[in-house]
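>>> just the structure for this:
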Amino acid sequence: MKKTVAIRHEDKYKMERRAALAPKHVKQLVEQGIEVLVESSAKRVFSDEEYRAAGAILTSDISSASLIIGVKEMPLDYFQTHKTYIFFSHTIKGQAYNMPLLQNMVDHQINLFDYEKVTNEQGKRLIFFGYYAGLAGMINSLWAYGQRMDKLGIATCFKEIKQAHQYYSLVEAKQAIRKASLLLAENGINPTAGPLVIGITGYGNVSKGAQEIAALLPIEEISPNELIVYSKENKFDLRKVYKVVFKESDISMPIDKNVPFELQDYYAFPEKYENQFEHFLPHISILMNCMYWDKRFPRIVTKDFLEQLFETPHRLRVIGDVTCDPNGSIEATHIGTTIVDPVFVYNPKTRKPKMGFEGDGLQIMAVEILPSELPRESSEAFGDILVNYVKQLAEANYAAPYNDLAIPAEFKRALILHNGKFTPDFTYMNDFLNA
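Predicted coordinates:
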């Protein structure tokens with residue numbers, strides 16, 4: 001019997017235009033004998049006609065599918081008993097706002113795969129949008145920097161850069177940044193604004209995306225310690241942009257000064273460490289926050305420190321909070337912003353944000369769904385990996401006991417709920433529902 005999978009219309013955000021599978025992936029599945037239903041969508045980056053031409057059945061009702069594939073969270077009233085769903089559930093850390101969603105999925109006895117937990121044997125994530133979050137986040141942060149400087153009466157070559165989603169493609173966005181780069185290399189940054197230093201936390205996929213965009217500028221990469229030396233000795237060239245990548249050992253240090261920093265110990269016992277990033281922050285113009293964080297770890301930028309910083313000379317103008325954990329690693333990020341209202345100015349004295357580019361304080365860009373600003377490219381890259389697993393996931397017998405499930409190991413590690421029960425690696429999530 002032919003198996004049926006469905007691609008749902010994304011409805012959590014108005015500007016969510018991504019799809020987990022592109023038309024080219026649908027064509028592959030149809031050729032493998034899989035029936036593909038696609039929920040019609042006027043806003044999706046791929047048109048209904050593109051999917052139809054690839055062999056999909058366009059419909060407003062995908063309830064007949066046994067495997068439903070999405071990107072973001074699905075509505076509370078969406079789930080059907082014993083069906084299988086794949087999406088980013090944002091529940092594995094006990095996110096309070098999604099506990100009703102988690103309970104609803106348990107009640108409906110569904111099978112839930114979460115992309116965030118699709119990993120290889122070494123624990124490395126295999127399916128992700130993070131690289132594109134980094135790309136869009138860096139584009140947006142350069143745009144925010146140009147607009148903020150303009151509001152402050154400081155002319156820069158970044159004023160003409162647009163928000164990422166306003167470009168037709170990533171290629172077009174890169175062309176615009178290269179144009180700004182040529183102007184910067186020729187004329188230098190306005191001395192009132194410069195030198196321009198981009199600090200990037202982390203070295204994973206998100207960071208790599210941000211660094212790819214930064215590399216379009218006349219970049220000189222320096223180490224965190226060199227940043228301090230350059231600042232003290234005024235060694236900066238205003239025709240260059242300085243990039244500094246910060247690792248965990250640059251951001252945190254042991255509370256006990258008699259012991260060295262050890263990465264495995266840091267992740268196992270984060271309570272033994274404290275912030276040292278404040279040593280570097282005054283020397284950074286644009287901070288790109290691109291690293292994983294949870295509440296066990298020291299914050300990267302606190303409200304208390306920002307209040308102190310803005311009472312002294314400093315260089316910080318913009319934070320591009322790609323990680324976007326509200327009240328998290330960047331404490332001043334009070335919300336994940338939307339594509340249509342993407343930035344705010346945080347006033348360190350009043351500790352209040354003001355949406356837009358005007359006001360006293362620090363410009364923060366914290367768009368929650370950054371990859372959707374590059375929807376075509378990010379969806380195609382995401383689907384290039386996912387499509388390789390869909391046929392096996394569609395044909396699996398989920399009535400079998402967990403240990404007997406014939407599904408790829410990468411996805412078995414990502415199966416959070418099996419017929420409404422937490423699988424062995426996720427039994428801790430029961431505590432979230434019982435809290």
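>>> shouldn't P224 be in contact with F280?
Yes. Using CB atoms under 8 Å as the test, P224 is close enough to F280 to be in contact (5.6 Å). C-betas here are computed from N, CA, C, even on glycine.
>>> surely F280 is in contact with V245?
No. Using CB under 8 Å, F280 makes no contact with V245, being 11.4 Å away.
>>> which residues do P224 and F280 both contact?
In the contact map built from CB atoms under 8 Å, 6 or more residues apart in numbering, the residues linked to both P224 and F280 are V244, F246, D250.
>>> of these, which is the most crowded?
For the shared contacts of P224 and F280, neighbours were counted using other CB atoms under 10 Å, and F246 has the most, 25 neighbours in all.
>>> tell me the pLDDT of the residue lying closest to T302 once chain neighbours are set aside.
The spatially closest residue to T302, leaving aside those adjacent along the chain, is E331, at 5.1 Å (CB to CB, 6 or more residues apart in numbering). Note on E331: pLDDT of 97.
>>> my read: I127 touches L386, true?
Yes. With contact defined as CB under 8 Å, I127 and L386 form a contacting pair (5.6 Å).
>>> so between those two, which is more surrounded?
I127 (23 against 19).
>>> residue contacts, that one?
Neighbour list for I127: Y115, V118, F382, I385, L386 [criterion: CB under 8 Å, 6+ apart].
>>> which other helices and strands contact the helix or strand that contains V36?
Applying DSSP states H and E as the criterion places V36 in strand 35-39. Strand 35-39 sits against strand 4-7, helix 23-31, strand 57-59, with contacts defined as 3 or more CB pairs under 8 Å, 6 or more residues apart in numbering; DSSP states H and E.
>>> alpha carbons of the second one, as PDB, please.
Extracted in PDB, the C-alpha atoms of helix 23-31 (Å, rounded to 0.1, in the frame of the first residue of the first chain):
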ATOM      1  CA  PRO A  23       9.500  20.800  -4.800                       C
ATOM      2  CA  LYS A  24      12.700  19.100  -5.900                       C
ATOM      3  CA  HIS A  25      12.500  16.800  -2.800                       C
ATOM      4  CA  VAL A  26       8.900  16.100  -3.500                       C
ATOM      5  CA  LYS A  27       9.800  14.900  -7.000                       C
ATOM      6  CA  GLN A  28      12.300  12.500  -5.400                       C
ATOM      7  CA  LEU A  29       9.700  11.000  -3.000                       C
ATOM      8  CA  VAL A  30       7.100  10.600  -5.700                       C
ATOM      9  CA  GLU A  31       9.700   8.700  -7.800                       C
END
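>>> next, the angle from it to strand 35-39.
Between helix 23-31 and strand 35-39, the angle comes out at 150 degrees (axes from the mean of the first three to the mean of the last three CA atoms, to 10 degrees).
>>> give me the contacts around helix 23-31.
For helix 23-31, the external contacting residues (CB under 8 Å, 6+ apart) are 5, 7, 21, 36, 38, 46, 50-51, 53-56, 380, 383-384, 386-387, 390-391.
>>> and if we set it to 7 Å?
Defining contact as CB atoms under 7 Å, 6 or more residues apart in numbering, one finds that helix 23-31 is touched by 5, 36, 46, 50-51, 53-56, 383, 387, 390-391.
>>> same check, this time on the last one
Strand 57-59 is touched from outside by E35, V36, L37, V38, E39, S40, D48, Y51, R52, with contacts defined as CB under 7 Å, 6+ apart.
>>> just the buried ones out of those, please.
E35, V36, L37, V38, E39, Y51 (16 or more other CB atoms under 10 Å).
>>> what helix or strand is the last one on?
This means Y51. Counting by DSSP H and E, the secondary-structure element that holds Y51 is helix 48-53.
>>> chain center to that helix, what's the gap?
Here the centre of helix 48-53 is set off from its chain's centre by 28 Å, with CA atoms, centre = their mean, to the nearest Å.
>>> now stretch 294-304
For stretch 294-304, the gap between its own C-alpha mean and the chain's C-alpha mean amounts to 18 Å (CA atoms, centre = their mean).
>>> ends of it, how far apart?
Stretch 294-304 has an end-to-end distance of 19 Å (CA to CA, to the nearest Å).
>>> how does this structure divide up, domain by domain?
For the chain, the domain assignment from automatic domain parsing gives the residue ranges 4-128+376-427, 130-373.
>>> could the ones you listed be laid out in TSV, adding distance to A435?
Rendered in TSV, the data for those read as follows (distance: least, CB to CB, whole Å):
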stretch	distance to A435
domain 4-128+376-427	8
domain 130-373	15
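>>> ok, now how distant is L58 from N98?
In this view, L58 and N98 are 30 Å apart by CB to CB, to the nearest Å.
>>> derive a ChimeraX selection command for the buried subset of the contacts of helix 23-31.
Under the burial definition 16+ other CB under 10 Å, those of those that qualify are selected in ChimeraX by:
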select :5,36,46,50,51,54,55,56,383,387,390,391
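>>> ok, S378 touching R18?
Yes. The pair S378 and R18 qualifies as a contact (CB atoms under 7 Å) at a distance of 6.1 Å.
>>> and the strands in the stretch 151-300 of the chain?
Along the stretch 151-300 of the chain, the stretches classed as strands by DSSP state E, counting those that start in this stretch are 196-201, 219-221, 241-246, 252-254, 273-275, 286-289.
>>> could you dump the ones you listed to CSV with mean pLDDT?
Conversion of the strands of the stretch 151-300 of the chain to CSV gives the following (pLDDT from 0 to 100):
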stretch, mean pLDDT
strand 196-201, 98
strand 219-221, 98
strand 241-246, 98
strand 252-254, 96
strand 273-275, 95
strand 286-289, 98
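>>> Q109 is nearest to which of those?
Nearest to Q109 among those is strand 286-289 (38.6 Å), distances taken as CB to CB.
>>> need the contact partners of the closest one.
Outside of strand 286-289, the residues within contact range by CB under 7 Å, 6+ apart are 137-138, 141, 145, 198-201, 210, 300, 316-323, 329-330.
>>> picking up where we left off before, can you pick out the most distant pair from the contacts of I127?
By the measure CB to CB, V118 and F382 form the most distant pair in the contacts of I127, at 11.1 Å.
>>> circling back: pretty sure the residue nearest to T302 contacts P298?
No. Using CB under 7 Å, E331 makes no contact with P298, being 11.1 Å away.
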